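Engineer: Build the 3D model from these lines:
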Amino acid sequence: MFRNFPKIKEKRKKEERKKLPRQEKGEMDMKNKKKKIGILVAVLLVAVGILGASSLVVTRQNEYTVIRQFGKVTDIRSTAGVSFKMPFVQTASTVPNTVLLYDLPLSDVITQDKKTMVADSFVLWKIQDPQKFIQTLNGQMNNAESRLSTIVYNAMKNVISSMPQSEVISGRDGALAEAIKESVGNTLEQYGIELIAVETKHLDLPNDNKEAVYQRMISERQNIAASYTAQGQSEAQKIRSETDKEKEILISQAKAQADQLVAEGEAEYMRILAQAYNSQEKAEFYSFVRALDAAKISLSGENKTLVLSKDSPLAQIFYGEE
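Structural biologist: Numbering: from 1, shown residues only. Predicted coordinates:
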């Protein structure tokens, strides 16, 4: 009964139209015709809108737009803006066109001197050739990150295994990252990937032997400091010995020069005396002065007695003899 309801309704409309006058029938037919045209136009507009929307492609500044036709890549658009594709036949997808960061998982590496270290690094990379990226990695970011992790870790392991631990630690300021990048080389170009940089966030010892290594490093530094101290003390002692030797030589030379000057002075003194008392009268006067000096010295102090012989020049003064 419900299935036949639209037919019954249409039949009633027809019967009602037959009962209406001719003019009213014409007006009703015109309204129905306009209504059908409006519906047709709306349907056409919707269809055009759907076709237009499905044919428009918007490419942003930081992405590539990949156009596929039946699954095959036919075009790659890198210029930002609006473009078109064939609706329903072609599909559009995107891949990044900017510098990307991938944080490598923590990994253990072994140095040349068999020391284990924990490396925490990240890489900066970019899709340079989207065609190769899609062909080799199916355009999947997970696949790209997996290849990056494997290749960069192997390069890091090879580089660190060729360096002693001290050189690895001292190279954390950039030399190590540059060496790892050089080790990767052009390996990633086959995937359409450009490796921009490899940076080390953290490169340290495992927690279980970190303290022991630190103590050994401290002991080594103390031994080096002690060696430098001993060398300094030895050099200081050498300098002091040379200085003392030079001092003794200078003092000896000064004393020798002083003795020479004294001897020369005494010789000059004796020469002057000899010139002053080169006659008998002058010699006797000199002897007399020397006798007075000797008497003066012997009488210094208290309760002194001077005993003179009669022949003494001094005694002769007291006797009034010349």
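
Engineer: Any idea how many residues pack against residue 119?
Structural biologist: 22 (other Cβ atoms under 10 Å). Placement of C-beta: from N, CA and C, glycine included.

Engineer: nope, residue 64 is what I was after
Structural biologist: A count of nearby residues for residue 64, using other Cβ under 10 Å, gives 21.

Engineer: The host helix or strand of it pairs with which strands?
Structural biologist: Following DSSP states H and E, one finds residue 64 within strand 63-69. Note on strand 63-69: by DSSP bridges, its sheet partners are strand 72-77 (antiparallel), strand 90-96 (antiparallel).

Engineer: And that strand, what's buried?
Structural biologist: For strand 63-69, the neighbour count (16 or more other Cβ atoms under 10 Å) marks 63-68 as buried.

Engineer: coming back round to it: looking at the strands paired with strand 63-69, which one is packed in the most?
Structural biologist: Of all these, strand 90-96 has the most neighbours on average by mean count of other Cβ atoms under 10 Å, namely a mean of 16.

Engineer: On the C-terminal side of that one, identify the next helix or strand.
Structural biologist: With elements assigned by DSSP H and E, the helix or strand that comes after strand 90-96 is strand 100-103.

Engineer: Give the buried residues for the following helix or strand past that following strand.
Structural biologist: With elements assigned by DSSP H and E, the helix or strand that comes after strand 100-103 is strand 107-110. Within strand 107-110, the residues scored as buried using 16+ other Cβ under 10 Å are residue 109.

Engineer: And stretch 149-169, by the same measure?
Structural biologist: Within stretch 149-169, judged by 16+ other Cβ under 10 Å, the buried ones are 149, 151-153, 155-157, 159-160, 163, 165, 168-169.

Engineer: Tell me how the chain divides into domains.
Structural biologist: Domain assignment for the chain by automatic domain parsing gives 5-54, 56-96, 100-206, 210-272, 277-318.

Engineer: that older thread, out of the strands paired with strand 63-69, flag the one nearest residue 244.
Structural biologist: Of all these, it is strand 90-96 that lies closest to residue 244, at 78.0 Å by Cβ to Cβ.

Engineer: sorry, back to before: quickly name whichever of the buried residues of stretch 149-169 is closest to residue 114.
Structural biologist: The closest of those to residue 114 turns out to be residue 165 (Cβ to Cβ; 9.1 Å).

Engineer: can I get the buried residues of stretch 149-169 in a markdown table with secondary structure and distance to residue 94?
Structural biologist: Shown next, in a markdown table, are the buried residues of stretch 149-169 (DSSP: H, G, I helix; E, B strand; the rest coil; distance: Cβ to Cβ, whole Å):
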| residue | secondary structure | distance to residue 94 |
| --- | --- | --- |
| 149 | helix | 23 |
| 151 | helix | 25 |
| 152 | helix | 25 |
| 153 | helix | 29 |
| 155 | helix | 30 |
| 156 | helix | 31 |
| 157 | helix | 34 |
| 159 | helix | 35 |
| 160 | helix | 37 |
| 163 | coil | 41 |
| 165 | helix | 45 |
| 168 | helix | 40 |
| 169 | helix | 43 |
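
Engineer: gap between the longest helix along the chain and the chain center?
Structural biologist: In the chain, taking DSSP state H as the definition, the longest helix is helix 210-276. Put simply, helix 210-276 sits 46 Å off its chain's centre (Cα atoms, centre = their mean, to the nearest Å).

Engineer: Which elements pack onto it?
Structural biologist: Counting contacts by 3 or more Cβ pairs under 8 Å, 6 or more residues apart in numbering; DSSP states H and E, helix 210-276 packs against helix 280-298.
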